[in-house]
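> Any chance you could fold what I've pasted below:
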Amino acid sequence: FSVTTPEGRLTAYAKFRGSLDGSSVAWWYRGIQYGVVDLAPKRLWAVQGLQVTSFKRREDGSFDNVFRDLMLYQHLATGDLLREFRNPYTGETVAPAPQVMGPMALIYSRSGAALKDMQNMPPNMDTDWRVDRAVINGGDLILHEEGYSRVTEGPARRVVNDFITLQGRLSDAEDPNLVNAPARYSYCTLSSWPPFMAMGGREGHMMGRGNARKIQSRSELDPALVDQLQRVE
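Predicted coordinates for the structure are as follows:
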């Protein structure tokens, strides 16, 4: 197949993000989040987490996807779990709890992703997701993802925008005998203030950046992260 066609791009995406045999695949990510007021970014905390995802091809060529995410807030200097944090904008002490998302069930097609079912997510959440055309850079294949999620009512009201650059080897994407291709991604997020910061309508927003890589076994994770994950699972 050709990654320049919508069908080929979708297959390559499923192979990079997950595995074409339907098995679950894990991603380890880490990043930094900032508060932004008057276009001035302020480092707040680090994040690390684990995502687990699976893709199963449907008869019409689209994919069923199941996605889970566990994200930890960490001290910037030490990497320890962040149990309390002094909000620099309000002076109040807040408690950023680990963020558990999913499982979310989606359908990925040539036109994007449609949400089918979700658990451990705010009610009334709406999401749009798409993967742009393939970019070939030397021996690499680059796929740009954009996701827009909104909760418009209730105490969890928030808007989150995700921009992801997924990258792997073009030869892996085009190899018909390879179902699970090594990959990595970098990301940027723009979002409204998280509810736990209790910003009370103050102007500004959150920004995040980071990177992730696909892992094959738990042994690839930092032992300190494994310990933290075990304490919150």
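
> dump the residue contacts of L81.
72-75, 98, 228, 231-232 (C-beta atoms under 8 Å, 6 or more residues apart in numbering). Just so you know, the C-beta spots here come from the backbone N, C-alpha and C atoms, and that holds for glycine as well.

> which regions of the protein lie under the pLDDT threshold?
Scanning the chain for pLDDT under 70 picks out the ranges 156, 233.

> Show me where it has its strands.
25-37, 40-57, 63-74, 85-86, 93-94, 99-109, 112-118, 125-131, 135-137, 140-151, 158-169, 184-191, 205-215 (DSSP state E).

> partner strands of the second one, parallel or antiparallel?
Each strand pairing with strand 40-57, determined using DSSP bridges, is listed with its direction: strand 25-37 (antiparallel), strand 63-74 (antiparallel).

> Report the angle between the last one and strand 99-109.
Right, the one you point to is strand 63-74. With axes from the mean of the first three to the mean of the last three C-alpha atoms, to 10 degrees applied, the angle from strand 63-74 to strand 99-109 works out at 160 degrees.

> Mind listing what's buried along strand 63-74?
Across strand 63-74, burial judged by 16 or more other C-beta atoms under 10 Å covers 63, 65-74.

> What of stretch 48-65?
Those would be 48-57, 62-63, 65, for stretch 48-65 by 16+ other C-beta under 10 Å.

> Also stretch 145-158?
145, 147, 149-151, 158.
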